[in-house]
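Q: Structure here, sequence nowhere to be found:
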Ligand code: DX5
Ligand code: ZN
């Protein structure tokens, strides 16, 4: 569990060449982070199920689907059925998070719970034994390319204390503004899973950018 996971976000990739962009980080990245936005939970619109289904056939990378959608109870399980390795939905959009986690596990996927910028983590710590991953936003969800907010790492520290004290098998993922100059602070705060969009796909060589992020996260 302790090995770091680097998950490039295809939100920052060229959407006309998604298969190529996914393959560009194969062998370097651990997961591919797929941001699904529905124009309701967040003001932005990205990709949905048909694109995930097609892309699934185009790469060997496990998919880390991040659903920024208003009705995860309706849709989350379809992403599991599409072959996602992990499906994360937002706490703010779920009336019964445990039911969705149960559905995801039954459909063969891991389940992640996401906490947006303005949501305190404390109210959700007790749910964590039912999840495989906790995603703590380090920006306000909705758009790539935003500035990292270091004050949100307090939530990562609180989650890490809780996870370690309870010996939970849970990854702590950070998402938003994660780059060479911010990833070490995230790791130090207790994150072990790192989403990076602009820092990977804005780079000349995305695979090299992933390797560099991994090295910096490990403190070298
Ligand atoms: C934004 C998404 C992020 C986004 C991060 O709401 O959840 O995954 O792609 O992009 P960067 O790394 O550019 O901040
Ligand atoms: Zn994301």
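A: Sure thing, it's come through. Bear in mind the structure is a predicted one, so any value in this text is a computation, not a measurement. Ligands and ions are numbered 1, 2, ... in the order given.
Q: so where's the protein uncertain?
A: Along the chain, segments meeting pLDDT under 70 span 1-2.
Q: Could you confirm whether the host helix or strand of residue 114 reaches ligand 1?
A: Assignment of secondary structure by DSSP states H and E places residue 114 within strand 110-115. No. Counting by Cβ under 6 Å from any ligand atom, ligand 1 is not contacted by strand 110-115; separation bottoms out at 8.4 Å. Heads up, the C-betas are built off the backbone N, CA and C, glycines and all.
Q: what's the following helix or strand after that strand?
A: strand 133-137.
Q: neighbouring strands for the strand holding residue 114, and are they parallel or not?
A: When sheet partners are counted by DSSP bridges, strand 110-115 sits next to strand 86-90 (parallel), strand 133-137 (parallel).
Q: closest to residue 220 out of those strands?
A: Between residue 220 and the strands paired with strand 110-115, the tightest spacing by Cβ to Cβ is seen for strand 133-137, at 24.1 Å.
Q: moving C-terminal of that closest one, what's the next helix or strand?
A: The C-terminal neighbour of strand 133-137 among helices and strands, as given by DSSP H and E, is helix 153-165.
Q: who touches that following helix?
A: Outside of helix 153-165, the residues within contact range by Cβ atoms under 8 Å, 6 or more residues apart in numbering are 115, 120-122, 125, 128, 134, 136, 138, 168, 170, 172, 174, 185-186, 189-191.
Q: is ligand 2 contacted by the strand holding residue 114?
A: No. Contact between strand 110-115 and ligand 2, assessed by Cβ under 5 Å from the ion, is absent, since the two come no nearer than 8.0 Å.
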